[in-house]
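Enquirer: Give me the fold of what follows.
(one chain, ligands or ions: 1)
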Amino acid sequence: MKNMKSFIKSAVIKPVLGAILVAAGLGLAMSANASETAAEPKQGNWTFAGLFGTYDENQLQRGFQVFKEVCAGCHGAKLIAFRTLAEEGGPGYSEDQVKALAATFTIADPEAPDGERPGVPADRWPSPFTTQEAIDSFGIEPPDFSVLAKARSIHQPFPYWVFNYFTAYQEGGPDFIYSLLTSYEENPHGVEVPEGKYYYGYPGSALSMPPPLSDGLVDYEGDAPETVDQYAQDVAAFMMWMADPHMVERKATGFRVLIFLFLFAGFMYLVKRKLFSNVAH
Ligand code: HEC
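Expert: As a prediction, this is how the structure comes out:
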């Protein structure tokens, strides 16, 4: 304990600690001012957070159901092949289920006799808007979901993003989606919402997306609550998986690399001691 105290008091560490505290204080003061327009983002309780997090198969299945029954009417996922849904670590569908699902879609294929054929597991999730006319009549093309969860993040002022390095935080995408989907406001006070637009408290802007979720909209088989909050978390988790299906493997590899580097550093230290043991200094 005494050693620790003198360490903290030591001339080198003191200014560094001081600087960190001052910076943290400044950051907090700034964040208090910055959040006047947008609501505070919500952070989900994700099973895949942290160094050892993994996707929850049941949640991915529910999220997929929400995506398929609600969002897929407007949003495509053109980088995702149907067969990915049967991959290990994903929603855990069987190959037969995926085959049956793919077959319910009609895929445009110039080589097929009629230019169309039923889908197979190797096909990718088709976009609902296929022609420019369809997009024009809708007014705007809804963004593709394939990597959307990686392309968005919540804004976190200093000093939070510094802490994020240490907690391996990378759930900004699903937090963004969850916050957006649960923040639709019918009559935002003091905000002018243009005709045909819908106001979302987070990120605090009017979008062309009508609020897609409502309580009881999707029938879940299990006993997860059928609420906007639950749907939003489930579909956000699914979208995270879709954008990063190999995240769990990647984290495991990263962890093994860290252990290796740690052991290697210790080993090198011993080598150094051995080599220099006879050198006077
Ligand atoms: C009626 C069509 C429609 C449905 C259904 C729909 N969306 Fe959208 N969505 C849109 C459009 C259009 C935009 C683009 C809005 C804009 O940029 O103004 C959009 C944008 C988004 C965005 C991106 C916002 C951004 O930052 O660019 C997210 C996330 C999103 N939708 C999620 C969902 C989810 C999840 C569902 C299903 C629960 C869903 N949407 C259902 C039409 C739809």
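
Enquirer: Am I right that residue 261 falls within a helix?
Expert: Yes - under the criterion used here (DSSP: H, G, I helix; E, B strand; the rest coil), residue 261 sits inside a helix.

Enquirer: Check the burial of it by counting its neighbours.
Expert: The number of residues packed around residue 261, counting by other CB atoms under 10 Å, is 10. Yep, even glycine has a C-beta here, placed from its N, CA and C like the rest.

Enquirer: The ligand contacts on this structure?
Expert: By CB under 6 Å from any ligand atom, the part of the chain that sits against the ligand consists of 66, 70-71, 73-75, 140, 142-143, 148, 152, 177, 180-181, 207-210, 212-213, 235.

Enquirer: One more pass at 5 Å, please.
Expert: 70-71, 73-74, 140, 142, 177, 207-209, 212, 235 (CB under 5 Å from any ligand atom).

Enquirer: can you pull out the strands in this structure?
Expert: With DSSP state E applied, the chain shows strands at 77-81, 106-108, 116-118, 124-125, 184-185, 198-200, 205-207, listed in chain order.

Enquirer: and those strands, which is most packed in?
Expert: Ranked by average neighbour count under the criterion mean count of other CB atoms under 10 Å, the strands of the chain are headed by strand 124-125 at a mean of 22.

Enquirer: which one is residue 118 nearest to, not counting chain neighbours?
Expert: In space, residue 118 comes closest to residue 103 once its chain neighbours are excluded; the distance is 4.8 Å by CB to CB, 6 or more residues apart in numbering.

Enquirer: list the contacts for the residue nearest to residue 212 when sequence neighbours are not counted?
Expert: Nearest residue to residue 212, sequence neighbours excluded (CB to CB, 6+ apart): residue 70, at 5.4 Å. With contacts taken as CB atoms under 8 Å, 6 or more residues apart in numbering, residue 70 has the following neighbours: 212-213, 217-218, 231, 235.

Enquirer: State the distance from residue 70 to residue 231.
Expert: 8 Å (CB to CB, to the nearest Å).

Enquirer: for residue 74, same thing?
Expert: Using CB to CB, one gets 16 Å for the distance from residue 74 to residue 231.

Enquirer: which of the two has more neighbours?
Expert: residue 231 (29 against 19).

Enquirer: Give me the domain ranges for the protein.
Expert: The chain is divided into the following domains under automatic domain parsing: 1-34, 39-76+144-245, 256-281.

Enquirer: So what's the residue count around the residue nearest to residue 118?
Expert: Here the number of neighbours of residue 103 (other CB under 10 Å) works out to 15.

Enquirer: Does it touch residue 119 like I think?
Expert: Yes - at 6.1 Å, residue 103 and residue 119 qualify as touching, with contact defined as CB atoms under 8 Å.

Enquirer: Beta-bridge partners for the closest residue to residue 115 other than its chain neighbours, please?
Expert: Taking CB to CB, 6+ apart, and ignoring the residues beside it in sequence, residue 115 has residue 108 as its nearest neighbour in space, at 6.4 Å. Residue 108 forms beta bridges with residue 116, as assigned by DSSP bridges.

Enquirer: Next, the contact list for residue 108, please.
Expert: For residue 108, counting by CB under 8 Å, 6+ apart, the contacting residues are 115-116, 126, 130.

Enquirer: And residue 147, by the same measure?
Expert: By CB under 8 Å, 6+ apart, the neighbours of residue 147 are 79, 242-243.

Enquirer: same check, this time on residue 168
Expert: With contacts defined as CB under 8 Å, 6+ apart, the neighbours of residue 168 are 50-51, 251.

Enquirer: Thanks again, I'm all set now.
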